[in-house]
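Asks: Mind folding the following:
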Amino acid sequence: MAISEIELRKEKKILKKVQELLDETLSSLGEDVYQDEENLIEFKKMMWEDANSFDDAEMSQVMAATSQEAERALQKQNYFKKLCQIKNKPYFASIVFKDEIDNSIHNIYMSLTYLKDDHLNNILYDWRSPICSLFYDYETGPCEYIAPGGVFKGELKRKRQYKIEENKLVGVFDNSLNINDEILQEVLATESSEKMKNVVNTIQQEQNKVIRNLEDNNLIVQGIAGSGKTTVALHRIAFLLYRLERLNSNNILIFSPNNIFTEYISDVLPSLGEANTLQTTFNDYLSFFLKEYKDVETFSDFVARYYTYKEENPELVKYKQSDEIITDMDNYLNDYIENAMFIESFVENEINKINKDEINEMLHYKYDRLPLFERVDEIAKKLSYTFYKGSGKKNATFRKLLKEHANFKHDYKEIYKNFFLSKYSKMKLSETEIKSFINKKTINYEDALLFTYMKGTLEGFKYEGNIRQVVIDEAQDYNRLQYIIISKIFRKADFTILGDINQNINPYYSYKSLENLKDLFKGETKYLELLKTYRSSPEIIEYTNKILNLNHVNAIRRNNNKPVLFRKNISNLKESFIKDITTLQKNYKSTAIITKDFKEAEKLYKLLGDNLDISLVDANTKTFKKDLIIIPAYVAKGLEFDSVIIYNDRNNSYRGNERNLLYVACTRCQHELYIYN
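Replies: As a prediction, the model looks like this:
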């Protein structure tokens, strides 16, 4: 609802005052930042010239003081950058809150950061501050928010949103929490950009519950396609960086589905005034851990094997991906460890006799808390310490002797092979069959997971104690074993897990509910759902619902009166594509042709590449322009486009058990969807 002329004039005056204060603060702070840098440079120069004049105690004191000063200088620099970021758009919303205790009125202007006047009164509030949660959680009327001082109750008198461009007030709207408010619909109607943007001005109530949750250690979020799962995850990271003490971007790790996705989300945190966190893919971790193989098959190539019908033994792959094999592998490894022993005594250096009973006692009792091969290392250290007066110089010698006199070998490929030959494996395979997937330069994805779990169990997983928060996107594509591995690596971290069981593209593994993961994590774990979709038009949602027989999807975007169009029995495929693409490019910024697999994508690229400025994208692509691309469905996950053309060859159509892949492809579209079949 637009405001009155009187109110508009008031708002223009407020904006002018905020701009003046912002300019003054930037000028003053800029001088401080410059002076801090000069002082630090001067101090380092002095330290270099006079280092010999300080004793150790004085040097420690000086270094500690310098470290604190450098930290304060860095904080000033970061704040200065944030103020520069909001200079042309100081705030995006405001609320009027009446406190029920003293009836005081608080006029709160919300921004990406805070701004204080000379009397240290808040002029702008960071959107992450406790009182600002009222804007996202309540309609006008009774309300409350939780702050470090307790629960504060009162009345929300007004909610207002602003459109400010280049320091000019373009629009002001009063609104309730009505999901169809003008600002939200305007944002939804805009064309998609090259990269994901922040949405601080349109966060919705259900999303805010995920973003601001501090009560639970771990969150598992089931969100339908287009519900903003990734956006919510990134805003949650920004919120945690603001609220949790001593948490910085280097303490947070995001598991992304692929490199394309990592690049796509790379602007969100910087636009919120925070540094990007550490990011990786599960394949990166596997490649790092499995030194026994030259390379690890990617998840995209793994699913492509199925969707292109190249997998010769899908039942074996299904077993390797199952929960059942975890129990089988545990039983096998427990038996392997229990029967591990040193089979004979030996002499080192013709003098030092090592008794097998004593070292077996160490193996199975003294060091039984450690993984098997780590126990061998500890026994070697103990023997070196005992026989060489506390020296560790003979560690390697004793380690070598211990391995020579043991009935177990540090040969992971052999151990893995023997699992499939053992009584514990449900699949009975010949040695030839087993060697076909073990003796490869590039290990299959399904084997890499099991091999990693086996290796980690026997020698220990490298503990990443620096990581305090882990975010996993596209959670439905990780099987239970992956979560077990991740929880062992990041033992002290809290987790935010986001996914959609309807978008599962792993043909061998699926969840009835992501809530089934709750028992895997330490501490309080909460399951939440995001049930509204903001991406696609109602016409597209109606079509995609039919693919999976869904009816619970709540479309927020207004109708655009663009029905889903079907192209069948096409006489000239190239001509039809060029005509449709030309039409779509006149109306939209980004268009994606989404194929079932990469082979089809390559074929289309050859057909259209000479006539159109088009990009071919695969799982290894790191950067691309979204204007016009061809991309396989299993690589397009997490991305969105203004218009989408779904294509599959008549000889390679989506089968009944491949509906999830088709659903993923179609739900990438915002405005206009064409189906070539």
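Asks: Low-confidence bits of this structure, can you list those?
Replies: For the chain, the stretches flagged by pLDDT under 70 are 1, 36-69, 176-194, 552, 555, 557-559.
Asks: Mind naming the longest strand for it?
Replies: Among the segments of the chain that qualify as a strand by DSSP state E, the longest is strand 150-165.
Asks: distance between that one and the chain's centre?
Replies: Once both centres are worked out by Cα atoms, centre = their mean, to the nearest Å, strand 150-165 turns out to sit 31 Å from its chain's centre.
Asks: again with stretch 294-313
Replies: Centroid separation for stretch 294-313 versus its chain: 23 Å, with Cα atoms, centre = their mean.
Asks: who's in contact with it?
Replies: With contact meaning Cβ atoms under 8 Å, 6 or more residues apart in numbering, stretch 294-313 is reached by 257-258, 282-283, 286-287, 290, 314, 317, 441-446, 448, 477, 505-508, 596-599, 618-620, 632, 634-635, 658, 661. Placement of C-beta: from N, CA and C, glycine included.
Asks: excluding its backbone neighbours, what's nearest Cys110?
Replies: That one is not Cys; residue 110 is Met. Beyond its immediate neighbours in the sequence, the residue positioned closest to Met110 (Cβ to Cβ, 6 or more residues apart in numbering) is Ala93, lying 4.5 Å away.
Asks: Could you give the bridge partners of that neighbour?
Replies: Per DSSP bridges, the residues bridged to Ala93 are Met110, Gln161.
Asks: That one: neighbour count?
Replies: When neighbours are defined as other Cβ atoms under 10 Å, Ala93 has 23 of them.
Asks: Could you do the one 4 residues further on as well?
Replies: Residue neighbour count, defined by other Cβ under 10 Å, stands at 22 for Phe97.
Asks: same question, Asp323
Replies: Asp323: 11 neighbours (other Cβ under 10 Å).
Asks: Next up, the contacts around it.
Replies: Contacts for Asp323 were tallied using Cβ under 8 Å, 6+ apart; they are 479-481.
Asks: mind listing what Gly465 touches?
Replies: The neighbours of Gly465, taking Cβ under 8 Å, 6+ apart as the test, are 491-492.
Asks: please redo it, this time with the cut-off set to 10 Å
Replies: By Cβ atoms under 10 Å, 6 or more residues apart in numbering, the contact list for Gly465 reads 490-493.
Asks: how close does it sit to Asn251?
Replies: Counting by Cβ to Cβ, to the nearest Å, the separation of Gly465 from Asn251 is 10 Å.
Asks: circling back: report all helices and strands that the longest strand of the chain contacts.
Replies: With contacts taken as 3 or more Cβ pairs under 10 Å, 6 or more residues apart in numbering; DSSP states H and E, strand 150-165 sits against helix 5-50, strand 93-99, strand 105-111, helix 133-137, strand 141-147, strand 168-174, helix 182-189.
Asks: what's the closest of the ones you listed to His410?
Replies: When the helices and strands packed on strand 150-165 are compared by Cβ to Cβ, helix 5-50 sits nearest His410, at 48.2 Å.
Asks: Tell me how many other residues surround Gly150.
Replies: Count around Gly150 with other Cβ under 10 Å applied: 7.
Asks: So for the protein, the centremost residue is which one?
Replies: With distances taken as Cα atoms, centre = their mean, Ile254 lies nearest the centre of the chain, 3.5 Å away.
Asks: Please identify the pairing partners of the helix or strand harbouring that residue and their relative orientation?
Replies: Ile254 is part of strand 252-255 when elements are defined by DSSP states H and E. If you go by DSSP bridges, strand 252-255 pairs up with strand 278-280 (parallel), strand 469-472 (parallel).
Asks: Touching the longest one from outside, list them.
Replies: Put plainly, it is strand 469-472. With Cβ under 10 Å, 6+ apart as the test, strand 469-472 has contacts from 218-220, 230, 233-234, 236-237, 240-241, 244, 247, 251-257, 277-279, 282, 464, 478, 482-483, 486-487, 489-490, 493-499, 517, 521.
Asks: thinking again about what came up before, name the residues contacting each of Gly465 and Asn251.
Replies: In terms of Cβ under 10 Å, 6+ apart, Gly465 and Asn251 are both contacted by the residues Ala493.
Asks: Is Leu219 in a helix, a strand, or coil?
Replies: Per DSSP: H, G, I helix; E, B strand; the rest coil, the local secondary structure of Leu219 is strand.
Asks: Can you report how many residues neighbour it?
Replies: Leu219 is flanked by 25 other residues according to other Cβ under 10 Å.
Asks: Grab the nearest non-local neighbour of it.
Replies: Closest residue in space to Leu219, ignoring its immediate chain neighbours: Thr496 at 4.9 Å, by Cβ to Cβ, 6+ apart.
Asks: Tell me how many other residues crowd that neighbour.
Replies: Other residues near Thr496 come to 25 when the count uses other Cβ under 10 Å.
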